[in-house]
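Chemist: Below are the sequence and a predicted model for it; my questions follow.
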Amino acid sequence: MTPDSPSLTDTDPTPGPPPGCPAHGLGAGGPQRLYGPDAQDLGDLYERLRAQHGTVAPVLLHEDVPMWVVLGHAENLHLVRSPSLYTRDSRIWSPLADGTVKPDHPLMPHIAWQPICSHAEGDEHQRLRAAVTSAMATIDQRTLRRHIGRYTQGLVNSFCERGRADLVSQFAEHLPMAVMCEILGMPEEYNDRMVQAARDALKGTETAIQSHTYVMDALSRLTTRRRARPEDDFTSHLVTHPAGLSDDEVREHLRLVLFAAYEATANLLANALRMVLTEPGFRAQLSGGQMTVPEAIEQSLWDEPPFSTVFGYYAKQDTELGGQRIRKGDGLLFAPAPGNLDPRIRPDLSASMQGNRSHLAFGGGPHECPGQDIGRAIADVGVDALLMRLSDVQLDCPEEELHWRSSIASRHLVALPVRFEPKPQQDVNLPPRPVAVPAQRSTWQVGTPRAEQVPAAGPRPSTPPPAAAEPYPTAPRPARRRGVWRRLLDWWRGE
Ligand code: HEM
């Protein structure tokens, strides 16, 4: 602990503006805003904060509400693994308790306490979480992977004949929703409207409340049906668990699981596919068999965790973290994005993290994500099957034209346009089969076409773009063929 480091909610008399004043310490050395013009690039801001403050930095949320952001890997782990010091129950957060944060604060949906396992602690947390994890444990992995494969096949069928697609809106945002509706026991609710409603509710647009109601109505109907007649699905196991969840608790946990799974897994799929399409090394290693799809997914979880930060953890007593004095009632952002880039564990960011799963993407401690195997399975099977079906897929715009929508909590790729040689549909109940692409495709580059190689708007050229600096690796053919068959067999066995 540094004796003179400021506390965020310090009420001691100190020179300068009073605590809580927006001008308090703003600028050099003081808390930085995580919103507005200064926070256009949060990744860059976190690195500046790291240089300035070390592993824990004071920041300001909307309306200049003070918070700490935890930037160090070890400090983030300490935060989530110390339930005696920090809780997820926001009702003890000083700015909320003293009325500084009003009910209409823009981040209230993230902050407001709710009767769900993410905000509970101790015995109540164990009661609610036990129901969720027991219901998850009843999901058969082999069946799960078959569902993922079947939905992936169906989604690829919907665009494979066109030779063009947006892998965010036509794939990454659909696959997790389809799989989650199946797991929860409402496959009939999966459609474009449900995907759009979930996306809308999370974006916080003007129609967010209406969209949220649409999703909640479906979950209420499901809860009522399963309460009356349980079947063998996640919702039925939640309803009948000895923890005795009320209908409200069942509905709220279905909402938590559906939204957490949808948003995080859609981000993971989009990030992993973007990485494969734009980083030549990845595609080459995957094709050459030096890297498996699960390893590529794990690298993406290190580099771009689907949740950049998690709101929030709150100090139960005065303590110290990363040299900062933390006061009882202070709020802290658990931050996987900067935590995963901590130079103490990753001095060289370009070095592969292959075989190392100690990233923070799924949190840790008592609240560690219980759905991580499901999220990983959706990403592994989905990306693998898509790449097998569209082996010649490539980005359909210059990489610089990709853009992201960012918030403090996450960073979404807006669109991932791709093109490929049109291909026939396949039976969704069979494993994906690679389709031979014309021989000249072997000259296609790995990664992004350079701006001058991107065809102007209009009909797609019948000949491929010229060979680029990084040719598609044709040399290690035997290894590649073995890789395909092994993946096919693994998929078929449900491994
Ligand atoms: C790539 C996909 C996913 C990522 C990156 C992810 C990440 C996270 C993170 C960071 C947390 C908070 C941990 C903390 O508070 O310390 C969390 C909690 C949670 N996640 Fe996930 N998640 C993913 C997929 C899923 C899926 C598929 C499900 C359900 C099937 C799920 C269900 C939950 C639940 C219920 C919690 C609350 C646990 C608790 O508070 O005890 N997640 N997840």
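Modeler: In hand now; what should we look at?
Chemist: Can you name the helix or strand that residue 405 falls in?
Modeler: Counting by DSSP states H and E, the element that carries residue 405 is strand 404-406.
Chemist: next one: residue 69
Modeler: Counting by DSSP H and E, the element that carries residue 69 is strand 65-70.
Chemist: And residue 325, by the same measure?
Modeler: Element membership for residue 325, per DSSP H and E: strand 324-326.
Chemist: before we move on, the earlier item: counting contacts, what elements does the strand holding residue 69 pack onto?
Modeler: With contacts defined as 3 or more CB pairs under 8 Å, 6 or more residues apart in numbering; DSSP states H and E, strand 65-70 has these neighbours: strand 56-61, strand 331-334. All C-beta atoms are positioned from the backbone trio N, CA, C, and that covers glycine.
Chemist: out of the ones you listed, which comes closest to the ligand?
Modeler: The minimum distance between the ligand and these falls on strand 331-334, with 5.6 Å, by CB to the nearest ligand atom.
Chemist: any idea which helix or strand comes after that closest one?
Modeler: Moving toward the C-terminus from strand 331-334, the next helix or strand (DSSP H and E) is helix 336-340.
Chemist: for that next one, what is the average pLDDT?
Modeler: When pLDDT is averaged along helix 336-340, the result is 98.
Chemist: Please report phi then psi for the residue nearest the centre of the chain.
Modeler: The geometric centre of the chain, computed from its C-alpha atoms, lies nearest to residue 306 (CA atoms, centre = their mean), at 2.2 Å. Reported as degrees, to the nearest 10, the phi and psi values for residue 306 are phi -60, psi -30.
Chemist: Residue numbering should commence at 162 henceforth.
Modeler: Fine by me, first position is 162 from now on; the one you just mentioned is residue 467.
Chemist: Isn't it up against residue 422?
Modeler: No. Because the distance of 10.4 Å does not satisfy CB atoms under 8 Å, residue 467 is recorded as not touching residue 422.
Chemist: can you give me the helices in the stretch 312-461 of the chain?
Modeler: 336-345, 353-364, 369-389, 395-401, 408-439, 441-449, 454-464 (DSSP state H, counting those that start in this stretch).
Chemist: Determine which stretch of these is the most buried.
Modeler: With neighbours defined by mean count of other CB atoms under 10 Å, none of the helices of the stretch 312-461 of the chain is more surrounded on average than helix 336-345, at a mean of 25.
Chemist: Does anything pack onto that helix? Which helices or strands?
Modeler: helix 302-320, helix 353-364, helix 395-401, helix 408-439, helix 533-550.
Chemist: Past the strand holding residue 566, which element shows up next along the chain?
Modeler: The first helix or strand that comes after strand 565-567 along the chain, using DSSP H and E, is strand 572-574.
Chemist: Residues contacting that next one, please?
Modeler: 203, 329, 333, 427-428, 431-432, 435, 465, 469, 498, 563-567 (CB atoms under 8 Å, 6 or more residues apart in numbering).
Chemist: run the last query once more with 10 Å
Modeler: With CB atoms under 10 Å, 6 or more residues apart in numbering as the test, strand 572-574 has contacts from 203-204, 328-329, 333-334, 360, 363-364, 424, 427-428, 430-432, 434-435, 465-469, 498, 563-567.
Chemist: So in that sheet, which strands flank it, and in what orientation?
Modeler: For strand 572-574, sheet partners with direction are given as strand 565-567 (antiparallel), following DSSP bridges.
Chemist: How is this structure partitioned into domains?
Modeler: By the assignment in automatic domain parsing, the chain contains the domains 162-272+469-521, 286-464+522-654.
Chemist: Quick check: residue 285 touching residue 276?
Modeler: Yes. Residue 285 is within contact range of residue 276, at 8.7 Å (criterion: CB atoms under 10 Å).
Chemist: which residues sit in contact with the closest residue to the ligand within the stretch 162-311 of the chain?
Modeler: Using CB to the nearest ligand atom, the single residue of the stretch 162-311 of the chain nearest to the ligand is residue 279, 3.7 Å away. Residue 279 sits next to 249, 286, 289-290, 414, 417, 421, 471-472, 524, 528 when contact means CB under 10 Å, 6+ apart.
Chemist: near the ligand, which of the contacts of strand 572-574 show up?
Modeler: Among these, the residues within reach of the ligand (CB under 6 Å from any ligand atom) are 467-468.
Chemist: Which per-residue confidence value corresponds to the residue lying closest to residue 243 once chain neighbours are set aside?
Modeler: Leaving out its chain neighbours, the residue that sits closest to residue 243 by CB to CB, 6 or more residues apart in numbering is residue 526, at 7.4 Å. You'll see residue 526 listed with a pLDDT of 97.
Chemist: Phi first, then psi, for the residue of the stretch 462-611 of the chain found nearest the ligand.
Modeler: Scanning the stretch 462-611 of the chain for the residue nearest the ligand gives residue 532, at 2.1 Å (criterion: CB to the nearest ligand atom). As for residue 532, its main-chain torsions (degrees, to the nearest 10) stand at phi -100, psi 10.
Chemist: so it makes contact with residue 424?
Modeler: No. With contact taken as CB under 10 Å, residue 532 and residue 424 are classed as non-touching, separated by 11.7 Å.
Chemist: Show me what from the stretch 212-361 of the chain comes close to the ligand.
Modeler: That would be 241, 278-279, 290, 293, which are the residues of the stretch 212-361 of the chain within reach of the ligand (CB under 6 Å from any ligand atom).
Chemist: Most neighbours among those residues, please name it.
Modeler: residue 278 (26 neighbours; other CB atoms under 10 Å).
Chemist: can you tell me the helix or strand for the nearest residue to that residue once chain neighbours are set aside?
Modeler: The shortest distance from residue 278 to any residue that is not its chain neighbour, by CB to CB, 6+ apart, is 3.9 Å, and that residue is residue 289. With secondary structure defined by DSSP H and E, residue 289 is part of helix 283-298.
Chemist: Run through the residues of the stretch 462-611 of the chain sitting next to the ligand.
Modeler: When proximity is defined by CB under 6 Å from any ligand atom, the stretch 462-611 of the chain lies next to the ligand at 467-468, 471, 495, 522-524, 528-533, 535-536.
Chemist: ok, which pair from these is furthest apart?
Modeler: Pairwise distances among these were taken by CB to CB; the largest, 21.0 Å, belongs to 495 and 535.
Chemist: These two: which is more packed in?
Modeler: Neighbour comparison, residue 495 and residue 535: the larger count goes to residue 495, with 25 against 22 (by other CB under 10 Å).
Chemist: Make sure residue 224 is actually in contact with residue 261.
Modeler: Yes. The pair formed by residue 224 and residue 261 meets the contact definition of CB under 10 Å, at 8.3 Å.
Chemist: Identify the contacts common to these two.
Modeler: Taking CB under 10 Å, 6+ apart as the contact criterion, residue 224 and residue 261 have no common neighbours.
Chemist: Name the residues of stretch 545-559 that are buried.
Modeler: Applying a neighbour-count criterion of 16 or more other CB atoms under 10 Å, the buried positions in stretch 545-559 are 545-558.
Chemist: Distance of the residue of the stretch 462-611 of the chain closest to the ligand relative to residue 501?
Modeler: Remark: distance between residue 532 and residue 501 (CB to CB, to the nearest Å) = 19 Å.
Chemist: got it, and residue 529?
Modeler: If you go by CB to CB, the gap between residue 529 and residue 501 works out to 15 Å.
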